[in-house]
Structure formats: structure tokens, C-alpha cells
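Enquirer: this one's sequence-less:
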């Protein structure tokens, strides 16, 4: 059994704090909230996309953390694109199980917004395939736009549905003090009138890049939250290569494994943080995670099922869309939100009667996915 | 064109040109489709470093095997429309092809778009790569041996038996050493093909507009396929299809061409050689301080093909968002080719869709930050040695030195420039004509080590106003000492 002790998270923003500052603060928060001493940490798994353009130019992040924490224990950096945080957690869980480690620290951090936007765009573009995709102008918004278009042609979904996803997540972020869009009122009209980035996707269909860090401490010591399922799956690098563009099998496979490990089905999940890098991805993910049948994603948003006061709230943190998406920190920040919810510490965003919570983190356009299922300990 | 590499049993497909099925160890079959349907479209409104011009479209294309690729275009398509690349309809068409890993297949497709260049098995082919100096493939100063290999394979498949590869290095460099380091000799050996050093050729005189060119006999007797690396060039903006033909003439002609203004004489040279096909090698391509090793790889993954070298260079220049070289305009006026991209038929990838700025070469940069060139279109030997001298002194701090080279020096070029050092006969004579005094004159016949020692003493002595007899003597003694040490 693997449990969660403490979690920590910096505010997601564009401030130019050194990475060590953010990391130091959120590790402290995780230690304090989990009542863990640094002495008792046995290993650290870190994720960062190793941005070149931020002025820090620090590729060797594990020794950097070693310098900061004054620890000589195993530390490993796990870059996996936007799925870096989830992948680091998955590695930590696997390590804990194999080595019977007592406490393992997981850190995701990113300082990506620190240069002209072209440089930041270029950094993110490196997550896509170079020869077929990058060379043909298939930047991530364009890639997801083509997916959205195929989805809308195939199923009953429209741009209005995408706008509702954005609206829901912005409404949730309004009450999240650590979100990039905290206390920023975004209306449906603003979303629908925002400029088209890559048709049919508008600006508000795209998550917002920012800087941030998040940490979690997992443990073999029993706590109030258990990691009941932890799965990672990969798929082809290019979405156009896959037989089905509108369903991402890395999500399907990771979810299947995680549900099996937890001994549950999608119906048992009470709350989820879903990887909404682009609004259509949230709709597709509802289906791939088994929350509804294929082609029914739009129904969940139209009927308000996934709203914070609905039967099945998703992205109560604001999601990548409005909480912000500091690439490698995202996956760990999802855990931060779910732990708050499971511990009844989410303030205005609090959802009642949660037993099972799911975190879904994707790298690239469905290239690598992790699914983690948390449950209140029996 | 959509290609997939498929396992024999058809169960697995790859987008990469793999050679064996990793599961069954069985053979791989290429699945090539030249027709596709548009099944998706997005209009992109945000620029990115590789795609600075907006809006553009990305199509999702699907072939009859349900294989898909994304394709950038500036044209508006409709879902369901056919997507197919048509053959060239004009003689001066330029083919632009983005390579997707498989150089051979995309080269073949490109030549086919030019109606196979009318190749027949009886043809005697001469392939003229670009091998200006000893450099590795990855440095992209020389023609990519992978492309040469693909071209020879294609020609052999067409039944051609008589193929040679011929080139001479930039003046001052050794051709065979350059060809060896570039991997070109290995390709020749693999295909059992001769490599000819054009510097040792027999030359035939050809005249145009009272200018005599001594051209290597092989160039005139064979069907030539010109294989230049597409590069930036600090002297003439780019090195491409036109510039690569410079080295078909002897050393004396090359020097004379520069003395008489290379931008005017290069088009005349092209005028006297028979028609040739150019395959612009932008598999990597070179940007910044080209055309030598001071440049940096551009990773373009493209080919540019044309029977019109002027059109090819014009299209590449525009694609790279560089200023149009003057020699292209002169060539156009002479009727050598077409430099107006509005009038050039572009086949394959669209010119507008591939536009992306390359880093331009600065006309005055050398290898050393404290040494600038004032380049009056110096001939390749002087240019080459000037760069090598400055490269030898990298790491030594000093006072700015302006190294004046070439004949086309004007008073304006020398204005507000101090510590002028004239290198080579042309620059020395021109400065005398202009009545401008250099603090030192370095004759080209001086030994290479002595030249560097002299330049070093100037660089490191800010108060030096001229070179004394003692300086010259000292450089000779040190130079001699170094030669002796090297010998033993």
C-alpha cells in the first residue's frame, strides 16, 4: 500500500522567482502538511522539462535538489513533457513498492515563461514530432484543433461545448488562490469572442503556460489517503499516426490499469482532475476515462454534470486551462488539489462526500498518460 | 507523398524508414502514395519560430491505405478535396521538397516531378558536389554524402553506368583531403565510382563577352548534375546552384573572375556551360557565417531542384528570407535564368509555406571578435587564408584590426576604420590607389606562419602604427623555428 502524507504547491504565475525558491517553499509546505521530517525522505523523483530559454539553464536538476535539500539519497529527474509530474509520481510509487522505501518526495517544477513568447513556444514545440509535425506547422494548438475538428465531425459536439468547458474551469479557478486566473472573472461572451488561435480553437480553448512548482510526499506509513491505482501508458508520438484520432489509447490503457489496481470502475470516481491542455481534450478524456460513452463527452458539460455543483465535478482547481499549466508541475498539482478535496481543505471549491478521486495527466497529444486514483483510507 | 514502412504481414506500420521488423525480423515493404484526400483543416493564426508567417493552414491528409500526414499550406482547401502534386510544366520550374527521413525516396519523387530530367541509360553523368574544405557531414559545409549516395543509387536504377563525381576545393584547400573528411570518397568507393579532382583537370577555353573561362573538360563532355549545399555566404549572400559552378574553372580563372567582380562574371560562366540540373542540398543547410566552417547547421530537411540555377537560388533566397543577391539580377538580365519568384513555377511544397528566416552572414565578420574583414570581393584564396589567419588567433585579446581584402574597396568602406591591414596584392594595390595608408601590408606569397605571427603582433600591440623590418625579420625567424620543430 502507498499513501500520501503531505503536499505543497507554489502559486502558478509568471513571476520570475528562481526555481529553487519555488521548490524550496513547496517542499516545505509538503513536509509541514504531512508532518514529515526531511531526515525521513528516502528518495526524490523530480520532473522538469529542462527549459533552455529561462536564463537558469539548469539541466542537471537532481543534483540541484540535492544541493538544496542536503541529501545524498537517490534522486532522479523524469522529463515526460506535460506528463512529467504524473510520470514522476508513477516512478515514485513504483520505487516505493520495489524498495520498500518509507517516504518518497515527488517534485514537479517549471520556469517556462521567462523569455519572448516565440522562445517559450519553441520550447513547448519540442514535445511534438520534428519531421512530420513541427516542420508542417503543427504546433500544439493546431494539432489539438485537428483533433477537435475530427471529433466534432464524428460526434454531437460544437464550439459552444468547448466554450462551456473553458467557462467551468475558469469559474473554478476564480476561487483557487494558487491559480493563475484566481479572482479573474471570465464570461462566456469573452470566451466565445476570443481570437481564433487555430480553427476551431479559440484563445480560451487553450491552457495557459506559466511558472510553478508542486510537491507530494508518498509513504508506506498509513495515512488518510491511499494511492489505490497508479498507471502509466504510452502511445505513438504523432496523433495522425494512430488509427483513431478522437480517442487516445494511452488514456484508455492507463485508466484501465489504474481501475483494476483500485478494484473499481469509472463509476466509483467522485471527482477528477482531467488534463485539459485544450478544451476538446477534456471532452475526449471524459470518454477515454470511462466517465461516459464515446461521443457523449459534450453531454456531460451541457448538462452540468461535471460542474463543481454537479454529480461529478471535474477540474475543481481550474484545470490546466485556468489554474495554469507549468508543464512538469501540472501532474503533481493535480494531486495537490485532490488531497485538499479529500481532506476537506478546498475552501469554496470543496466537494462533499468524496471517496475516490482521479488525476489524469497527458504528455503531448496523447503520447504518454498517467492515471492516479486516490481514495480515503478505510 | 505519404510513405509508410510496413511489415511483411501488414500488421505493423512505421513512419520511420526502418530496415527490419523488430518483432518478426522479417522484411519491410514501402507503402508509397502520391494521392491523398483532405480529411481535416485548421487555420493557424499564431506565429512560431519555424512558421513566422500567418495565417497558414495545416491539412490532415489521408491516403487509400488510411495513412495520414499533416501538411502545411497557404491555400484554402475543403474537406474531401484531393491533394496531389503535379509535374512541372515549365523548363525553369523549381521543385521544393521537404524530406521525411528517407532522402532517397524524396529525391526520386523530386526528380520525377522534373520529368526525370530526361535521363537515359546512355548518359555520361558528372555529379558536382560542394566540397570546399575539410569538414564533417554534420557541419554542413560540404554536400551531404547521404544525398550523393541516394542520387547515385537513383541513377544506377535508371540504368546509367557511366557516372563520375568531380569537384575542386576552395583555393588554398586540398580537394582530396576535403572529399575524404566529408565522406564523399566513401560513397564513391561504395558505388565504385571515380572521384575527379577538377583542380588537376585539362581545361578548355570558352569565351563570353570577351571573358575567357578555362573550364574542366569533364564538365563540357558530360551531363552535369550540380549538387550544391545551400548556404549563406558572407560575400555574395548565398552559396547555391550558381556559386557551386565557380569551381569548374581553373585557379587562374577563378581569381580573374573575382578581380573582374564575381557577381558579374559568375552569370557569364553559367552562360557558357551546357544546361545542367541542380539539386540544392538543404538536407541540413548552413546559416550564419557561411560558406565556411564559421557557419552553423540550419537543419532544413529540404531539397531544391531546378534546371534553372538562377531560379533555384532565387527561390532559396526568398524561402530563407535573405536579401536577393545582386548576381541573380545580373544573371536574369543576361538571360541565364529567371530571378523573379513571381514568375517561377514552384512545384511541391509552396514557397510561401516554407518561408523561415535563416541567420544571414555578416560581410565583415571573421573568426576573431577583435578582427573585422573589409571584404572587397576577395578571391577564394585570399578569403580563405584571411579567415584561417583570424581563426588561428582566437582566444587572444587585442585591439581591433581591420583586415582589408579584395579589389573592390572604396573610400566609404574604409571611412572611420582604424588599424587597417591590407592582405593580398589586390587590396594592397587598391589602397595605394585610394591613397589610404595601412599599418601593415601582408603579401599573399608570405608563409602562412609568418602571416599569423605578424597579425598577432598587430593585434596585441595597440600602439603599433606600422610594421618594421625588425617585425618582418622576427616573424621569419619564429616561422622558421616552428617549421623546423614541426619537421623533427
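Expert: Cool, the structure landed. Owing to the predicted nature of the structure, the values given are computational and were not obtained by experimental measurement. Residues are numbered from 1 along each chain as shown, chains lettered A, B, ... in the order given.
Enquirer: how would you label residue B:417: helix, strand or coil?
Expert: Of the three states, residue B:417 takes coil under DSSP: H, G, I helix; E, B strand; the rest coil.
Enquirer: who touches it in this structure?
Expert: B:374, B:402 (C-beta atoms under 8 Å, 6 or more residues apart in numbering or on different chains). Every C-beta, even on glycine, is put in place using the N, C-alpha and C of the backbone.
Enquirer: gap between it and chain A?
Expert: 34 Å (C-beta to the nearest C-beta, to the nearest Å).
Enquirer: what score does that residue have for pLDDT?
Expert: Residue B:417 carries a pLDDT value of 93.
Enquirer: is the helix or strand of chain A with the lowest mean pLDDT in proximity to chain B?
Expert: In chain A, the helix or strand scored least confidently by mean pLDDT, DSSP states H and E is helix A:117-125, which has a mean of 82. Yes: under the criterion of C-beta under 8 Å from any C-beta of the partner chain, chain B is reached by helix A:117-125 at A:118, A:119, A:121, A:122, A:125.
Enquirer: now do the domain split for chain B, please.
Expert: B:1-33, B:34-84, B:94-354, B:371-487 (automatic domain parsing).
Enquirer: which of those is buried the deepest?
Expert: Ranked by mean neighbour count, the domains of chain B are led by domain B:94-354 with a mean of 21 (mean count of other C-beta atoms under 10 Å in any protein chain shown).
Enquirer: now that domain, how far from the centre of its chain.
Expert: On the basis of C-alpha atoms, centre = their mean, to the nearest Å, domain B:94-354 sits 7 Å off its chain's mean C-alpha point.
Enquirer: repeat for stretch B:16-29
Expert: On C-alpha atoms, centre = their mean, the centre of stretch B:16-29 falls 35 Å from the chain's centre.
Enquirer: where along the stretch 51-200 of chain B do the strands fall?
Expert: B:56-62, B:68-73, B:82-84, B:94-98, B:124-129, B:162-167, B:194-197 (DSSP state E, counting those that start in this stretch).
Enquirer: returning to that earlier point: if you average pLDDT over each of the domains of chain B, which is lowest?
Expert: domain B:371-487 - the lowest mean pLDDT of the domains of chain B, at a mean of 89.
Enquirer: among the domains of chain B, which comes closest to residue A:16?
Expert: domain B:34-84 (22.1 Å; C-beta to C-beta).
Enquirer: picking up where we left off before, highest neighbour count among the residues of helix A:117-125 next to chain B?
Expert: Top of the residues of helix A:117-125 next to chain B by neighbour number is residue A:121, holding 20 neighbours under the definition other C-beta atoms under 10 Å in any protein chain shown.
Enquirer: tell me which residues touch it, please.
Expert: A:139, B:46, B:48, B:49.
Enquirer: what's the answer for residue B:100, then?
Expert: Neighbours of residue B:100 in contact, by C-beta under 8 Å, 6+ apart: A:131, A:132, B:3, B:15, B:69, B:106, B:301.
Enquirer: can we see that at 7 Å?
Expert: Contacts for residue B:100 (C-beta atoms under 7 Å, 6 or more residues apart in numbering or on different chains) come out as A:131, A:132, B:3, B:106.
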